[in-house]
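K.L.:
Requesting a structural model of the entry that follows:
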Amino acid sequence: MTATHAQPHEQRARRRSRGGRVRDVVALMLLPLPLVVAMAPASFAGGGTRRWFGRGESQRADAQAAKDAAAAAFYELDTAQRDLRISIETITAVDSSPRARKAAEDYAAFGRRIDEVSQGYITAVDTHDLDRDDLDGAAVARARADLTRAKEELDRVKLELDRFAQGLGPLLQTAETQLARLAPAVERARQALLAASNALDTVRAQGLKADELAARLAALAPELTKLNQGAGQHGVQETIRRADEVLRKAEDVRTEAERLPETAAEIDKRLVSLRTRAQAITTRAGKVDPVLSELRRRYSAACWQDLQHVPEQAAHSVQQAEIKLREAQQARDEQRWADATSRLATVRALLNTTDEAVSAAGDRLQRLDSVSFDRQNEVEKTRFAIRDAQRLAMAGRSTPDARHAGPLDDAVARLDRAVAGLEGRHPDWWHFLTETEAIRHTAARVVQEIRDARGGVGG
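P.N.:
Numbering: from 1, shown residues only. Presented below is the predicted three-dimensional model:
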């Protein structure tokens, strides 16, 4: 009845081939149940059997009915076991969890019990030949009892088997869900590989090599081979995982291939743009020396000494940027897209730094000229920031929180010192500007802390 213990109907028939009567029993067992029931009257009315009369006829009819019922029970148990074997094979093909292994072990144990009761049934059938002419009443009674007992054992095991099958419901549902995902997952992976291959063919037709993408796609060939080998060799879950992985990688290749013409055009555009910017920064860097001369002439060393190396640094940075631009152009010509993109990012960073340094000199002169002409504007702007923070700190309070009052009181003192520092023949205007900016940052920080503490309400 199981894959390892059950005897096929044909083998059971050979075991019961000791006489023509036994072969008739096996033939009856192999018929579908409705046909078995339909043929039952023939065993009494004709077909080579003798007609029974009187009490003996009734006893033989009862024994024959017990035999037919036992045959039906045997057939039902055999069918249930075959159906359950399919369920167990479905579960174990997908699930390797302890629950699934336990279910397989329990099924094997059921197989051994089914073999035992099936053997009992076959023995009962082989032992009692109800067509014998010399069969007396006691033998008929024994046959009926043995066959009835065999049927009851078959029914009992069938009932237990049904209960066991019902308990497998969640495991079977999960396994069937996984199996339902298998074929679509594999097909999606194959279609993704085909789409990636087609995308590569399209960009190659436009003169783009896409060698790196082609190599990535070729690396998926062994995975496709394993997908084609199927879940029988690699397992359902592993095959689904592999299909999902192939799908993801193939879609990445397809997406990048489809973007390749756009990437090439963007790199060409950035090469032109960054060359123009480098030339503009070179021109602007040439104007830094006159600005520095003006700063040295009109302001103290503290106001400009951090800028005196800007011209040399700018020239060096622009030179490095031009080298990287040439490397980016070579990478683009060789269609090494990632290398070209990386070189261009380096060029952009170098030019940004240089641009800031070149701009700093002009900005410094402009700010120093402005504050030296009218310091009061900077002072009032800073005092306003402090007073605004103080008003917020006092809102709804008779005394401010020390955490806020301390930094603000210190800010007032710092501003007074900064203003006092401007007295003298060569004031440090740059220190004054950086100090007032720092004071305003302190006031802004206190305001933010107060608002955070009050849940964003106030001020």
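
K.L.:
Distance from whatever helix or strand Ala314 lives in to the middle of the chain?
P.N.:
For Ala314, the host element (DSSP states H and E) is helix 310-333. In terms of Cα atoms, centre = their mean, to the nearest Å, the centre of helix 310-333 is found 42 Å from the chain centre.

K.L.:
With adjacent residues omitted, what lies nearest to the residue nearest the centre of the chain?
P.N.:
Closest to where the C-alpha atoms of the chain average out (Cα atoms, centre = their mean) is Asp244, at 8.9 Å. Excluding the flanking residues, the one nearest Asp244 by Cβ to Cβ, 6 or more residues apart in numbering is Ala185, at 6.3 Å. (Each C-beta comes from the backbone N, C-alpha and C, glycine too.)

K.L.:
what about the chain, any weak spots by pLDDT?
P.N.:
Scanning the chain with the threshold set as pLDDT under 70 gives 1-56, 95-96, 133, 231-232, 456-459.

K.L.:
hmm, back to that, surely the residue nearest to Asp244 is in contact with Ala243?
P.N.:
Yes - with contact defined as Cβ atoms under 8 Å, Ala185 reaches Ala243; the gap is 4.0 Å.

K.L.:
one step back: what's downstream of the helix holding Ala314, the next helix or strand?
P.N.:
helix 337-373.

K.L.:
and that next one, what other elements does it pack with?
P.N.:
helix 236-285, helix 288-298, helix 310-333, helix 429-453 (3 or more Cβ pairs under 8 Å, 6 or more residues apart in numbering; DSSP states H and E).

K.L.:
Would you format these as a markdown table with distance to Ala73 included?
P.N.:
Shown next, in a markdown table, are the helices and strands packed on helix 337-373 (distance: least, Cβ to Cβ, whole Å):
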| stretch | distance to Ala73 |
| --- | --- |
| helix 236-285 | 35 |
| helix 288-298 | 104 |
| helix 310-333 | 80 |
| helix 429-453 | 80 |
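
K.L.:
Compare those helices and give me the one nearest Phe373.
P.N.:
Smallest distance to Phe373 across the helices and strands packed on helix 337-373 (Cβ to Cβ): 10.4 Å, for helix 429-453.

K.L.:
Could I get the buried residue list for the closest one?
P.N.:
The neighbour-count check on helix 429-453 (16 or more other Cβ atoms under 10 Å) flags 429-430, 432-433, 435-436, 439-440, 442-443, 446-447, 449-450 as buried.

K.L.:
if I pick Lys158, what's in contact with it?
P.N.:
Contacts for Lys158 (Cβ atoms under 8 Å, 6 or more residues apart in numbering) come out as 73, 76-77, 80.

K.L.:
Apply 10 Å and report the result again.
P.N.:
The contact partners of Lys158, by Cβ atoms under 10 Å, 6 or more residues apart in numbering, come to 73-74, 76-81, 114, 117.

K.L.:
Among these, name the ones in helices.
P.N.:
Counted as lying in helices by DSSP state H, out of the contacts of Lys158, are 73-74, 76-81, 114, 117.

K.L.:
Widest-spaced pair of those residues?
P.N.:
Largest pairwise distance in these, by Cβ to Cβ, is 14.8 Å, between Thr79 and Val117.

K.L.:
These two: which is more packed in?
P.N.:
Val117 (22 against 13; other Cβ atoms under 10 Å).

K.L.:
contacting residues for the more buried one?
P.N.:
So, once contact is read as Cβ under 10 Å, 6+ apart, Val117 ends up touching 1, 73-74, 77, 150-158.

K.L.:
And for Val419?
P.N.:
375-376, 378-379, 382, 432, 435-436.

K.L.:
what's the farthest-apart pair in the residues you listed?
P.N.:
Gln376 and Glu435 (15.6 Å).

K.L.:
list the residues that contact both of Ala185 and Ala243?
P.N.:
By Cβ under 10 Å, 6+ apart, the residues touching both Ala185 and Ala243 are Leu227.

K.L.:
Neighbour count: those two, which is higher?
P.N.:
Per other Cβ under 10 Å, whichever of Ala185 and Ala243 has more neighbours is Ala243, with 26 against 21.

K.L.:
re earlier: mark which of the contacts of Val117 are buried, thanks.
P.N.:
Buried, going by 16+ other Cβ under 10 Å: 1, 73-74, 77, 150-151, 153-155, 157-158, out of those.

K.L.:
still on that earlier bit, want to throw the contacts of Lys158 into JSON lines with distance to Gln330?
P.N.:
What follows is those, written out as JSON lines (distance: Cβ to Cβ, whole Å):
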{"residue": "Ala73", "distance to Gln330": "85"}
{"residue": "Phe74", "distance to Gln330": "83"}
{"residue": "Glu76", "distance to Gln330": "80"}
{"residue": "Leu77", "distance to Gln330": "79"}
{"residue": "Asp78", "distance to Gln330": "77"}
{"residue": "Thr79", "distance to Gln330": "75"}
{"residue": "Ala80", "distance to Gln330": "75"}
{"residue": "Gln81", "distance to Gln330": "73"}
{"residue": "Ile114", "distance to Gln330": "77"}
{"residue": "Val117", "distance to Gln330": "83"}
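
K.L.:
Just give me the neighbour total for the closest residue to Ser87 other than its chain neighbours.
P.N.:
Closest residue in space to Ser87, ignoring its immediate chain neighbours: Leu172 at 5.2 Å, by Cβ to Cβ, 6+ apart. Using other Cβ under 10 Å, the number of residues around Leu172 comes to 20.

K.L.:
How about the contacts made by Leu172?
P.N.:
84, 86-88, 90-91, 94-95, 103, 165.

K.L.:
run the last query once more with 7 Å
P.N.:
Counting by Cβ atoms under 7 Å, 6 or more residues apart in numbering, Leu172 makes contact with 87, 90-91.

K.L.:
Now do the helices in the stretch 51-200 of the chain.
P.N.:
Assigned by DSSP state H, counting those that start in this stretch, the helices in the stretch 51-200 of the chain fall at 54-94, 98-127, 137-167, 169-205.

K.L.:
contacting residues for the residue nearest to Leu171 when sequence neighbours are not counted?
P.N.:
Counting by Cβ to Cβ, 6+ apart, the nearest residue to Leu171 once its immediate chain neighbours are dropped is Ile91, at 5.0 Å. By Cβ under 7 Å, 6+ apart, the residues touching Ile91 are 100, 103, 168, 171-172, 175.

K.L.:
so Pro400, which of the three states?
P.N.:
coil (DSSP: H, G, I helix; E, B strand; the rest coil).

K.L.:
Not counting its neighbours along the chain, what's nearest it?
P.N.:
Going by Cβ to Cβ, 6+ apart, Pro400 has Ala393 as its nearest residue, at 4.2 Å.

K.L.:
Could you say which helix or strand holds the one you found?
P.N.:
Residue-wise, Ala393 maps onto helix 375-394 under DSSP H and E.

K.L.:
what is the orientation angle of that helix with helix 429-453?
P.N.:
Calculated by axes from the mean of the first three to the mean of the last three Cα atoms, to 10 degrees, helix 375-394 forms an angle of 20 degrees with helix 429-453.

K.L.:
So which bits of the helix or strand just after helix 375-394 are buried?
P.N.:
Once helix 375-394 ends, the next helix or strand along the chain (criterion: DSSP H and E) is helix 402-420. Of all the residues in helix 402-420, those buried under the rule 16+ other Cβ under 10 Å are 404, 407-408, 411, 414-415, 418-419.
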